[in-house]
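Q: Next come a sequence and a model predicted from it.
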Amino acid sequence: MVTLITGGVRSGKSAYALTFAPTTGKKIFIATSEPFDDSMRIRIDNHKKEREHMGFSTVEEPIQIPEIIKSQESNEVFLLIDCLTFWINNLMHYNMNETAMNKLFEELIEALRSTPSDIILITNETGWGNIPDNKLTRNYNDILGKINQRVAAVSERVVCMISGIPMTIKG
């Protein structure tokens, strides 16, 4: 089953996603964020500590999420991908062009459609705020919104977190 958990920043998405983790079996946490500054390093370390006691193996991968999904050939694997928001940030940070991004998006959707693993993907709803005053941020919001829509379309379940409260909007 593919599940997308969306919502605002600090709405409880990651903590809620962890509640779906099985108590046994192989659990892989795919971390997409990169520590570009000290504050981010602290946040990443705190997240690692939070899930260590739950038996997760952590794979830090800022770009090749589809490859990791495709490499799992068992329905006994639980994948938690946190998060698409940072993934898009990374693609833009490394100046990936639109053609390469679209190819990666197609690979992600195909991997989600074909995987036997249970997968939870986390993302943010960045379009709930003001319209950004600069082109880069507007472009980022547009790209993230498009991939969120595509992942939601292939997900069996979509949950929106608001103030720590899960609201199932699909499945």
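A: Arrived safely, thanks for sending.

Q: CA only for contacts and neighbour counts going forward, please
A: Fine.

Q: what comes up buried for the helix or strand of the chain at the bottom of the mean pLDDT ranking?
A: For the chain, using mean pLDDT, DSSP states H and E, the weakest element among its helices and strands is helix 38-52, scoring a mean of 82. Buried residues in helix 38-52, counting neighbours by 16 or more other C-alpha atoms under 10 Å, are found at 44, 48.

Q: Once you drop chain neighbours, what's closest to Thr23?
A: In space, and not counting its chain neighbours, Thr23 is closest to Met54: 7.7 Å by C-alpha to C-alpha, 6 or more residues apart in numbering.

Q: If you could redo that for Thr32, that was the one I meant.
A: Among residues not flanking Thr32 along the chain, Pro62 sits closest, at 4.3 Å (C-alpha to C-alpha, 6+ apart).

Q: how about the residue located most distally from the centre of the chain, secondary structure?
A: In the chain, the greatest distance from the average C-alpha position (C-alpha atoms, centre = their mean) is reached by Asp133, at 25.8 Å. Of the three states, Asp133 takes coil according to DSSP: H, G, I helix; E, B strand; the rest coil.

Q: any idea how far Gly8 is from it?
A: 20 Å (C-alpha to C-alpha, to the nearest Å).

Q: again with Ile165
A: Taken as C-alpha to C-alpha, the span from Ile165 to Gly8 is 12 Å.

Q: Name the residues of the strand or helix carrying Arg150 that are buried.
A: Per DSSP states H and E, Arg150 falls inside helix 135-154. By 16+ other C-alpha under 10 Å, the buried positions in helix 135-154 come out as 140-141, 143-145, 147-148, 151-152, 154.

Q: would JSON lines of those residues with pLDDT and distance to Thr115 be doable?
A: Formatted as JSON lines, the buried residues of helix 135-154 follow (pLDDT from 0 to 100; distance: C-alpha to C-alpha, whole Å):
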{"residue": "Tyr140", "pLDDT": "94", "distance to Thr115": "28"}
{"residue": "Asn141", "pLDDT": "94", "distance to Thr115": "28"}
{"residue": "Ile143", "pLDDT": "96", "distance to Thr115": "24"}
{"residue": "Leu144", "pLDDT": "96", "distance to Thr115": "22"}
{"residue": "Gly145", "pLDDT": "95", "distance to Thr115": "23"}
{"residue": "Ile147", "pLDDT": "97", "distance to Thr115": "18"}
{"residue": "Asn148", "pLDDT": "97", "distance to Thr115": "18"}
{"residue": "Val151", "pLDDT": "98", "distance to Thr115": "14"}
{"residue": "Ala152", "pLDDT": "98", "distance to Thr115": "16"}
{"residue": "Val154", "pLDDT": "98", "distance to Thr115": "12"}
